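S.K.: Sequence and computational prediction follow.
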Amino acid sequence: MILDLIPSTLRMTTPLGFAALGGICSERSGIINIALEGMMLIGAYGYVVGAHVSGSAWGGLCIGIGLGIVLALLHAVATITFHAEQIVTGVAINILALGIIEYLVPTKERVPGLPELKLPIIGSYSILVYLLPILMVASHILLFKTPWGLRLRAAGESTEALKTLSLSRAKWQYFGVILSGILASIGGCFLVSDVHVFTEGIIGGRGYVALAAVIFGNWCPLYGVAACLLFGFATSFEITNPWAIPEQLIKIFPYILTMIVLAGLVGRSRPPAALGKMEP
């Protein structure tokens, strides 16, 4: 049914939205973050471990966030401290995360019986579904209406402005990348808590789709999450398939939409001026 698309779209948008907000924080500070996929995956695995050990969804969330921060720090040290190529480092971290999961979780093994991140008093949705729009608005205000946001954006736009204020660009870049690890791992935690199972392919390219949403949204939290809503609709359309479209076609629909969006934005979106550029 068409009405089934609404709750499904909200659920599919939530992990993308958290990852996209993380990507915006990182790239607004000047660090390209291809590693969102790996951060989501390691966060999902951390949720599984934490939830089983503590018996609590919130324990799982904390462990997931902790592992996301570890990967974010690895990306930050490599790119900010040692000036490694940012795209290559991000891809390497994604491969590292996948390798860790393949080692720790045998191929195709499913880990069932995970607790949900829900507060029944606010409905049947996870609390993170309600938290996403709040964080979207808060992130927009912080980035564009506060001195904190101005300094973070200056790290990705004009290093001279930070030098004038005797502020360290590296410090703000570390902050932006760590925030991206926190938010992306929360997206991974939500995903595994929503489907109640864990497999090595659970993220399914959502980190890259979130990165596309960052570009589509012109590195703005409001537009970035709105773009995630579009991609979330495409994914939920694949799941519900209200018009009985052939399965082979419907499965590739979200990825075709991603490529069309990116192809249409080539040369039109304006990234932060110093994105990917490191000081000598």
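M.R.: On my side now, so go ahead.
S.K.: Let me see the contact set for Tyr174.
M.R.: Going by C-beta atoms under 8 Å, 6 or more residues apart in numbering, Tyr174 touches 76, 80. Heads up, the C-betas are built off the backbone N, CA and C, glycines and all.
S.K.: Sorry, slip of the keys, the one I care about is Pro272.
M.R.: 27-28, 30, 153, 156-157, 219 are the contacts of Pro272 under C-beta under 8 Å, 6+ apart.
S.K.: if I look at the residue located most distally from the centre of the chain, how far off is Arg151?
M.R.: Distance from the C-alpha centroid of the chain, by C-alpha atoms, centre = their mean, peaks at Thr164 (32.4 Å). Thr164 sits 11 Å away from Arg151, going by C-beta to C-beta, to the nearest Å.
S.K.: before we move on, what about Ala213?
M.R.: Separation of Ala213 from Arg151 (C-beta to C-beta): 25 Å.
S.K.: And stretch 165-175, what's buried?
M.R.: 169-170, 172-175 (16 or more other C-beta atoms under 10 Å).
S.K.: tell me which of those is nearest to Val129?
M.R.: Nearest to Val129 among these, counting by C-beta to C-beta, is Phe175 at 26.5 Å.
S.K.: pLDDT on the host helix or strand of Phe190, on average?
M.R.: Assigning secondary structure by DSSP states H and E places Phe190 in helix 169-195. Helix 169-195 shows a mean pLDDT of 93.
S.K.: can you give me the offset of it from its chain's centre?
M.R.: A distance of 6 Å separates the centroid of the chain from that of helix 169-195, by C-alpha atoms, centre = their mean, to the nearest Å.
S.K.: Please enumerate the helices of the stretch 151-280 of the chain.
M.R.: Taking DSSP state H, counting those that start in this stretch to define them, one finds helices in the stretch 151-280 of the chain at 159-164, 169-195, 206-216, 221-240, 247-265.
S.K.: mind checking how far the residue nearest to Asp194 when sequence neighbours are not counted is from Leu41?
M.R.: Of all residues not flanking Asp194 in the chain, Arg11 sits nearest, at 5.8 Å (C-beta to C-beta, 6 or more residues apart in numbering). Using C-beta to C-beta, Arg11 is found at 18 Å from Leu41.
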